[in-house]
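Engineer: based on what follows, work out the 3D shape:
(one chain, ligands or ions: 3)
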Amino acid sequence: MINRNLLAQSCEFPFTKGVKSFLLLFTLLCFTSVIAAQNDPIRLNQVGYYPNSTKLAIVTGKISSPFFCIVTSDGRDTVYQGSLSLEKKSSFSSTITRIADFTDFQQTGSFVLRIDGLAQSYPFEIKNEVYHELARAVLKGFYYQRSSVPLDGKYAGKWQRGALYPDNVVLIHPSASDDGRPAGSVISSPGGWYDGSDCNKYIVNSAITVNTLLGAYEDFSKYFDSLKVNIPESDDQVPDILNEALFNIRWMFTMQDPFDGGIYHKCTSAGSDNMLMNALAKQPRYVVQKSTAAALDFAAVMAQAGRVFQRMKGQLPGLADSCLRASAKAWFWALKNPNVAYDQEKLDRQYKPAVTTSAFSDGELDDEWMWAATEMFVTSKNRMYFDVMEQNIDDSVSLPSWNNVRMLGYYTMLRYQDNLPKFTADMVERMRQRLLRIADDYLFHIPKNAFVTVMGQSKRDFVWGSNGIAANQGVLLINAFLVTGDQKYIEGSASNLDYLLGRNATGYCFVTGCFGTKSPMSPSHHASSADQVNEPVPGLLVGGPNMARGDKCRYPYTDPETSYVDNDGAYASNEVAIDWNAAMVYLVNAMEAMQYGLGYSTQNNTSTTRK
Ligand SMILES: [Ca+2]
Ligand SMILES: [Ca+2]
Ligand SMILES: [Ca+2]
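Structural biologist: Ligands and ions are numbered 1, 2, ... in the order given. Below is the predicted model:
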């Protein structure tokens with residue numbers, strides 16, 4: 001993973017010189033295609049809609065015709081006509097937009113939207129289960145990130161590859177040296193997901209990722225119990241989303257020092273690597289300094305995993321207990337070491353080799369204490385953890401991200417509010433109100449937004465990983481729905497799904513794998529760039545518009561909402577990351593899980609609110 005704390009200096013992806021001219025050519029081609037995208041005047045969800053869901057397209061630019069129509073995708077039949085809204089100007093660019101609302105068109109099929117004098121829209125579908133394949137693909141995206149195992153063609157298709165780093169010989173970096181394991185000691189740390197564009201494994205970022213996947217299961221377990229995504233464990237008795245989370249959890253166990261319970265911050269190469277796809281990589285691998293953030297994030301996820309896997313004692317005997325023991329050991333390490341920050345610059349001044357991969361440094365740990373204490377309390381009901389929660393609750397709680405995890409604790413408390421001791425009632429209510437205040441604020445501002453989405457109400461949304469923000473806003477709104485049963489929150493969440501699938505200022509559907517017509521072809525993602533396959537690894541959500549840019553790529557558009565380029569050197573806007581993908585897994589699968597309970601269909605009502 002590039003960035004987070006350290007930006008590389010070149011637009012070029014770190015490969016051999018032989019590919020540089022190709023990259024230059026590709027950049028030019030890419031530039032041309034982006035121009036085309038920006039000129040596609042009609043922006044809509046390129047995957048499609050449920051028959052009963054809200055359906056909006058945004059028409060950009062000056063238009064003379066006040067009317068639009070929906071035509072079958074074979075061009076034969078006009079099936080719907082409507083009027084465009086008045087013009088609106090985007091807050092973050094000179095873009096002028098008008099809304100085409102065809103919500104009351106509920107016929108199933110494949111269609112395009114047309115306006116006289118303009119190119120027609122990309123095709124879209126209207127049907128039940130319209131996101132089923134996308135929902136499977138974004139979960140399957142994690143399989144393609146698995147480290148230390150070969151990806152078999154039976155599951156990976158043309159993206160089959162070797163094991164890359166086996167990580168069965170990993171050195172204790174001098175920064176992590178202690179009496180039990182001095183520098184240079186060898187441990188084994190296989191498994192887990194590679195993150196971002198590179199092949200390193202980070203406890204902090206994988207913790208929020210696992211939490212999001214396990215949370216999706218906790219919220220929609222009936223749905224996930226039968227969802228299979230063609231992974232090696234699809235024939236076992238464990239839901240595939242839990243198999244996938246477990247692939248990383250088993251790696252996390254190896255990151256715990258058995259002597260003192262502390263957690264190494266990451267398993268990494270020292271610097272950027274240059275490896276081949278089908279040969280085992282040879283660079284030395286290290287685990288680095290233990291940190292309090294890693295210990296608390298680990299404690300949180302293991303407490304949650306212990307709770308979830310208690311339901312699978314038959315299929316996975318002993319696992320839940322192992323998770324709970326590991327969680328407690330990490331917690332007690334954190335109590336003894338409450339403020340050990342991972343400071344990579346300082347570490348690199350002190351130790352060799354210098355480590356230059358993503359740092360995931362976080363100096364603010366109140367939220368990590370809150371989250372870990374919450375997961376441990378909800379699993380154990382032990383008052384000791386509740387006391388720590390009371391010390392760390394803070395109404396400035398906001399949208400979660402890898403270094404801001406307080407809200408993850410709120411989700412968990414609200415998820416289990418009916419099974420908690422009475423003395424938690426005041427705290428639960430405070431959390432509920434805070435969550436709904438944020439959710440209601442999102443909904444209030446939707447009509448003012450030129451693309452009629454929650455995403456993009458603030459310029460600050462267009463930062464590195466903006467698509468992760470959009471997906472997490474969607475997740476927050478689904479949580480608001482689950483605690484209230486009010487469908488308006490689903491509508492808000494769906495606005496961001498529409499954003500991610502094409503109703504945005506770039507015209508891109510941001511998931512790789514040809515979901516939608518115009519999707520990223522060159523994500524900043526090592527495996528996609530290094531293999532011999534033209535199409536990128538599918539099911540990956542790219543970072544999205546980033547007004548800071550900073551990767552030295554040429555951006556054809558530079559407004560906050562348009563600062564995106566589909567180039568594998570553009571890690572500022574086109575990198576992938578497991579935490580963003582996890583939020584997308586939650587969002588899309590939640591939509592599929594809830595569709596029958598939301599009036600989107602007349603079939604079985606299986607709604608699962610927590611009212
Ligand atoms: Ca399975
Ligand atoms: Ca923090
Ligand atoms: Ca490729």
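Engineer: how is the residue in the stretch 401-550 of the chain positioned nearest to ligand 1 assigned, secondary-structure-wise?
Structural biologist: Per C-beta to the ion, residue 539 is where the stretch 401-550 of the chain lies closest to ligand 1, at 17.2 Å. Where C-beta positions appear, they are placed from N, C-alpha and C, glycine not excepted. Following DSSP: H, G, I helix; E, B strand; the rest coil, residue 539 is assigned to coil.
Engineer: what sits against it?
Structural biologist: Neighbouring residues of residue 539 by C-beta atoms under 8 Å, 6 or more residues apart in numbering: 137, 138, 139, 140, 141, 144, 511, 512, 513, 581.
Engineer: ok, residues contacting the host helix or strand of the third one?
Structural biologist: Translated: residue 139. Taking DSSP states H and E as the criterion, residue 139 maps to helix 132-143. With C-beta under 8 Å, 6+ apart as the contact definition, helix 132-143 has outside contacts at 47, 151, 155-156, 193, 213, 227, 229-231, 240-241, 244, 247, 501, 511, 513, 515, 537-541, 578, 581, 584-585, 588-589, 591-592.
Engineer: just the buried ones out of those, please.
Structural biologist: Buried members of those, counted by 16 or more other C-beta atoms under 10 Å: 47, 151, 155-156, 193, 213, 227, 229, 231, 240-241, 244, 247, 501, 511, 513, 515, 537-541, 578, 581, 584-585, 588-589, 591-592.
Engineer: quick revisit: which among the contacts of residue 539 count as buried?
Structural biologist: 137, 138, 139, 140, 141, 144, 511, 512, 513, 581.
Engineer: return the member of those nearest to ligand 2.
Structural biologist: Ranked by distance to ligand 2 (C-beta to the ion), those are led by residue 581 at 21.1 Å.
Engineer: next, give phi and psi for residue 419.
Structural biologist: Backbone torsions of residue 419, given as degrees, to the nearest 10, read phi -110, psi 20.
Engineer: count the residues that sit near it.
Structural biologist: For residue 419, the neighbour count with other C-beta atoms under 10 Å is 8.
Engineer: now swap in residue 298 and tell me
Structural biologist: 32.
Engineer: what pLDDT does it get?
Structural biologist: Here the pLDDT value assigned to residue 298 is 99.
Engineer: from the contact counts, what lies against the helix or strand hosting it?
Structural biologist: Under the criterion of DSSP H and E, residue 298 resides in helix 292-309. The contact analysis (3 or more C-beta pairs under 8 Å, 6 or more residues apart in numbering; DSSP states H and E) places helix 292-309 against helix 203-219, helix 240-254, helix 319-336, helix 366-380, helix 406-415.
Engineer: can you say which of these is nearest to residue 458?
Structural biologist: Closest approach to residue 458 among these is made by helix 406-415 (16.9 Å; C-beta to C-beta).
Engineer: where in this structure is pLDDT low?
Structural biologist: Low-confidence segments of the chain (pLDDT under 70): 1-39, 273-281, 596-611.
Engineer: flag every residue of it that's near ligand 3.
Structural biologist: Contacts of the chain with ligand 3, taken as C-beta under 5 Å from the ion, map to 528, 531, 533.
Engineer: separation between the nearest residue to residue 114 once chain neighbours are set aside and ligand 3?
Structural biologist: The spatial neighbour of residue 114 that comes closest, neighbours along the chain excluded (C-beta to C-beta, 6 or more residues apart in numbering), is residue 120 at 4.6 Å. Relative to ligand 3, residue 120 is positioned 30 Å away (C-beta to the ion, to the nearest Å).
Engineer: same thing with residue 114?
Structural biologist: Shown here: residue 114 relative to ligand 3, a distance of 35 Å by C-beta to the ion.
Engineer: swap in residue 406?
Structural biologist: To ligand 3, residue 406 is 39 Å away according to C-beta to the ion.
Engineer: residues contacting the closest residue in space to that residue that isn't next to it in sequence?
Structural biologist: Residue nearest to residue 406 in three dimensions, not counting chain neighbours: residue 367, with 3.9 Å by C-beta to C-beta, 6+ apart. Counting by C-beta under 8 Å, 6+ apart, residue 367 touches 392, 394, 397, 404, 405, 406.
Engineer: before we move on, which element is the spatially most central residue of the chain in?
Structural biologist: Against the mean C-alpha coordinate of the chain, by C-alpha atoms, centre = their mean, the closest residue is residue 580 at 1.7 Å. Here residue 580 sits within helix 578-594, counting by DSSP H and E.
Engineer: let me know the angle separating that helix from helix 203-219.
Structural biologist: 0 degrees (axes from the mean of the first three to the mean of the last three C-alpha atoms, to 10 degrees).
Engineer: by contact count, what packs against helix 578-594?
Structural biologist: Secondary elements touching helix 578-594 (3+ C-beta pairs under 8 Å, 6+ apart): helix 132-143, helix 203-219, helix 221-225, helix 466-484, helix 488-500.
Engineer: by how many degrees do it and helix 132-143 diverge?
Structural biologist: Helix 578-594 runs at 150 degrees relative to helix 132-143, counting by the same axes, to 10 degrees.
Engineer: distance from helix 578-594 to the middle of the chain?
Structural biologist: What separates the centre of helix 578-594 from the centre of its chain is 8 Å, taken as C-alpha atoms, centre = their mean, to the nearest Å.
Engineer: and for stretch 76-87?
Structural biologist: Distance, centroid of stretch 76-87 to centroid of chain: 35 Å (C-alpha atoms, centre = their mean).
Engineer: end to end on that stretch, go ahead and measure it.
Structural biologist: 30 Å (C-alpha to C-alpha, to the nearest Å).
Engineer: span of stretch 313-326 from start to end?
Structural biologist: Terminal residues of stretch 313-326 lie 17 Å apart, using C-alpha to C-alpha.
Engineer: what residues of that stretch count as buried?
Structural biologist: Buried, per 16+ other C-beta under 10 Å, within stretch 313-326: 316, 319, 320, 322, 323, 324, 326.
Engineer: selecting buried members of the residues of the chain next to ligand 3 in ChimeraX, what would you type?
Structural biologist: Buried subset of the residues of the chain next to ligand 3, written as a ChimeraX selection, criterion 16+ other C-beta under 10 Å:
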select :528,531
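Engineer: next step: the residues of the chain next to ligand 3 restricted to helices.
Structural biologist: residue 528 (DSSP state H).
Engineer: closest residue of the stretch 151-300 of the chain to ligand 3?
Structural biologist: Per C-beta to the ion, residue 159 is where the stretch 151-300 of the chain lies closest to ligand 3, at 8.4 Å.
Engineer: and the stretch 351-500 of the chain, which residues reach ligand 1?
Structural biologist: Checking the stretch 351-500 of the chain against ligand 1 by C-beta under 5 Å from the ion, there are no hits.
Engineer: name the element residue 100 belongs to?
Structural biologist: strand 96-101.
Engineer: what is that strand packed up against?
Structural biologist: strand 56-60, strand 88-89.
Engineer: give me that answer again for 10 Å
Structural biologist: Judged by 3 or more C-beta pairs under 10 Å, 6 or more residues apart in numbering; DSSP states H and E, strand 96-101 is in contact with strand 42-43, strand 56-60, strand 67-72, strand 78-83, strand 88-89.
Engineer: ok now the third one, how far from the chain's centre?
Structural biologist: The chain centre lies 34 Å from the centre of strand 67-72; the measure is C-alpha atoms, centre = their mean.
Engineer: what's in contact with it?
Structural biologist: Residues outside strand 67-72 that contact it (C-beta atoms under 10 Å, 6 or more residues apart in numbering): 42, 55, 57, 59, 77-84, 98-102, 105, 107, 109-116, 118, 120-121, 123-124, 126.
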